[in-house]
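Enquirer: could you look at this predicted model? Sequence included:
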Amino acid sequence: MVEIFLSSAEDSFLHVGSLVGFFILLFGYINYKTSGNFTNSLARNKKIQPLVGAIVGAIPGCGGSLAIMPLYIKGQLSFGTIIASLISSMGDAAFVLISSNIEMYIFVTIIGTITGIITGYIVDFMNLEEKLKLRKVKTSGLTRGQASLIKHEDNHSTLDDIAHNHGNSGRLAYAITHGVGYKIYLATLFVGFVFMLISHSGLHYEWIEQIHELEEIIAITGVVFSVIYMIFFKKVFKNSNITEEENKKTSLKEMLIHSVGEISFVITWIYIAYLIYDLIIIIIGGDEYLAQIILSTGVASVFIGAILGLIPGCGVQIVIMSFYLKGAIPLGAVIANSISQDGDALFPLLALDKKSSIWSMIITTIPAIVVGLIVYMFFG
């Protein structure tokens with residue numbers, strides 16, 4: 001059991017998590033520098049909205065879909081645009097695939113983006129928004145708590161203002177996430193990244209062999225820090241929302257804090273996935289037997305993947321992606337799950353417009369099953 005815990009820690013933090021962290025920080029910095037200035041022009045061009053919505057949704061993580069959600073809530077985007085964005089989004093599971101199999105990431109992204117574009121235009125062409133009598137919430141009718149979800153923070157807002165908005169000023173969780181906590185985590189992640197590069201370098205020197213002996217300590221430390229930071233981060237930021245996405249675009253420190261929160265969340269779930277996988281392997285008697293079980297489910301795995309995609313957030317999707325990379329889940333099931341799942345982008349919609357969120361979950365599941373079945377027939 002100890003060996004399982006250690007090997008899962010090494011896989012999740014060193015071999016996958018450190019690279020995942022690199023990409024999350026990279027995309028977070030790019031988003032911070034660009035400040036998402038495309039949103040106003042998108043609202044003015046109705047004909048290209050589903051196309052751009054799908055492309056924005058394909059950005060790794062949930063930030064793309066979250067960034068355009070306030071435009072839909074304020075009535076500036078079509079329902080088809082939101083559907084296109086949610087379909088093409090892989091959420092944080094994208095980072096897991098990027099770090100492990102970039103070719104497959106490109107393939108899954110292309111499939112999801114094309115499916116999102118087609119479905120989005122179909123939804124708008126059929127005028128489902130009007131037929132389903134979906135109501136977009138106006139900012140003037142919101143409570144103070146709801147309005148904070150779509151309010152764009154002023155560029156000169158201080159971090160004290162942000163803390164006050166979250167009601168966490170002076171609390172231990174806020175002190176850790178916004179104080180020395182995220183800096184310690186970044187330092188640990190950097191060390192893990194260096195160890196990962198050395199481990200995969202293929203070089204054989206005595207000092208490298210000595211470094212390998214420290215990998216378990218770094219891996220365990222990284223996983224423990226990930227769990228701790230994730231817990232404190234969730235206490236400060238209950239769920240991802242629009243205001244937080246805007247704060248990440250105007251403050252480098254806030255971008256780093258949120259990126260570390262996202263990294264710790266992903267690594268924690270990767271660790272859980274690897275741990276569950278290794279325990280299942282022991283219980284059932286090996287990888288080959290697990291493969292036989294998955295193959296025996298056949299086409300049903302596609303429907304299971306699509307149904308699991310209905311669960312909001314990215315945790316379950318990260319587990320599914322990790323299982324796929326272990327060879328335990330067919331590609332068709334992963335595609336169905338990727339199209340069906342909406343990541344954290346669904347949370348603000350659930351808070352402000354439950355009817356639209358429910359219908360979006362139903363609509364995205366349909367192409368998820370159809371495309372998943374097609375991919376399963378050709379690729380397994």
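Expert: Thanks, I have it.
Enquirer: going forward, measure contacts between C-alpha atoms and count neighbours the same way
Expert: Fine.
Enquirer: this structure: strands as residue ranges?
Expert: In the chain, no strands are defined using DSSP state E.
Enquirer: tell me the spacing between the most centrally placed residue in it and I117.
Expert: Nearest to the geometric centre of the chain sits D92, at 2.0 Å (Cα atoms, centre = their mean). Look at D92 and I117: by Cα to Cα, to the nearest Å, they are 21 Å apart.
Enquirer: what sits against I320?
Expert: A273, I329, V334 (Cα atoms under 8 Å, 6 or more residues apart in numbering).
Enquirer: what's the pLDDT at it?
Expert: Looking at I320, its pLDDT is 82.
Enquirer: and for the one 4 residues further on?
Expert: Y324 carries a pLDDT score of 84 in this model.
Enquirer: equivalent analysis for V2, please.
Expert: For V2, the predicted pLDDT is 74.
Enquirer: same deal with A54?
Expert: 92.
Enquirer: thinking again about what came up before, out of the contacts of I320, which are inside helices?
Expert: A273, V334 (DSSP state H).
Enquirer: tell me which of the contacts of I320 is nearest to I363?
Expert: Closest approach between the contacts of I320 and I363, by Cα to Cα: V334, at 17.9 Å.
Enquirer: mind listing what that closest one touches?
Expert: V334 touches V302, G305, I320, M321, Y324, G372, counting by Cα under 8 Å, 6+ apart.
Enquirer: reformat the residues you listed as CSV; add distance to E129.
Expert: Listed next are the contacts of V334 as CSV, based on distance: Cα to Cα, whole Å:
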residue, distance to E129
V302, 28
G305, 27
I320, 32
M321, 32
Y324, 35
G372, 25
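Enquirer: excluding its backbone neighbours, what's nearest S251?
Expert: Excluding its sequence neighbours, the residue lying closest to S251 (Cα to Cα, 6 or more residues apart in numbering) is Y32, at 7.6 Å.
Enquirer: tell me how far that neighbour lies from F190.
Expert: 20 Å.
Enquirer: and the two? which has more neighbours close in?
Expert: Between Y32 and F190, counting by other Cα atoms under 10 Å, Y32 is the more crowded of the two (21 against 16).
Enquirer: I311 contacts S338, correct?
Expert: No - taking contacts as Cα atoms under 8 Å, I311 lies outside contact range of S338: 11.7 Å.
Enquirer: which of those two has more residues huddled nearby?
Expert: Between I311 and S338, S338 has the larger neighbour count (other Cα under 10 Å), namely 32 against 17.
Enquirer: for the more buried one, give me its contacts.
Expert: I87, S88, S89, M90, V108, G112, A306, G309, Q317, A368.
Enquirer: filter those residues down to the buried ones.
Expert: I87, S88, S89, M90, V108, G112, A306, G309, Q317, A368 (16 or more other Cα atoms under 10 Å).
Enquirer: and the nearest residue to the last one once chain neighbours are set aside, how far from V266?
Expert: Same thing as A368. Spatial nearest neighbour of A368, chain neighbours left out: A336 (4.4 Å); criterion: Cα to Cα, 6+ apart. Counting by Cα to Cα, the gap from A336 to V266 is 21 Å.
Enquirer: who's more crowded, the two?
Expert: A336 (34 against 29).
Enquirer: which residues sit in contact with the more buried one?
Expert: Here A336 is in contact with V302, F303, G305, A306, G309, T365, A368, I369, V371, G372, L373 (Cα under 8 Å, 6+ apart).
Enquirer: surely the fourth one meets A333?
Expert: I take that to be A306. Yes - the pair A306 / A333 is scored as a contact, 7.2 Å apart, by Cα under 8 Å.
Enquirer: ok so, going back, now render the contacts of A336 as a markdown table, adding pLDDT and distance to S357.
Expert: Shown next, in a markdown table, are those (pLDDT from 0 to 100; distance: Cα to Cα, whole Å):
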| residue | pLDDT | distance to S357 |
| --- | --- | --- |
| V302 | 91 | 23 |
| F303 | 91 | 21 |
| G305 | 87 | 19 |
| A306 | 90 | 16 |
| G309 | 84 | 14 |
| T365 | 94 | 13 |
| A368 | 95 | 17 |
| I369 | 95 | 19 |
| V371 | 95 | 22 |
| G372 | 94 | 22 |
| L373 | 95 | 25 |
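Enquirer: what's the separation between the residue lying closest to I82 once chain neighbours are set aside and I366?
Expert: Excluding the flanking residues, the one nearest I82 by Cα to Cα, 6+ apart is G53, at 6.6 Å. The gap separating G53 from I366 is 19 Å, by Cα to Cα.
Enquirer: do T109 as well
Expert: T109 is 18 Å from I366, by Cα to Cα.
Enquirer: what about the two, which has more around it?
Expert: Between T109 and I366, counted using other Cα under 10 Å, T109 has the larger neighbour count: 24 against 16.
Enquirer: residues contacting that one?
Expert: With Cα under 8 Å, 6+ apart, T109 has these contacts: A58, S88, M90.
Enquirer: run through the stretch 101-250 of the chain and note the low-pLDDT ranges.
Expert: 135-170, 199-213, 238-250 (pLDDT under 70).
Enquirer: any chance you could map the helices in it?
Expert: 102-125, 128-131, 144-150, 159-166, 172-178, 181-199, 206-212, 215-236, 242-250 (DSSP state H, counting those that start in this stretch).
Enquirer: from the chain's centre, how far out does the fifth one sit?
Expert: I take that to be helix 172-178. Its chain's C-alpha centre and that of helix 172-178 lie 23 Å apart, by Cα atoms, centre = their mean, to the nearest Å.
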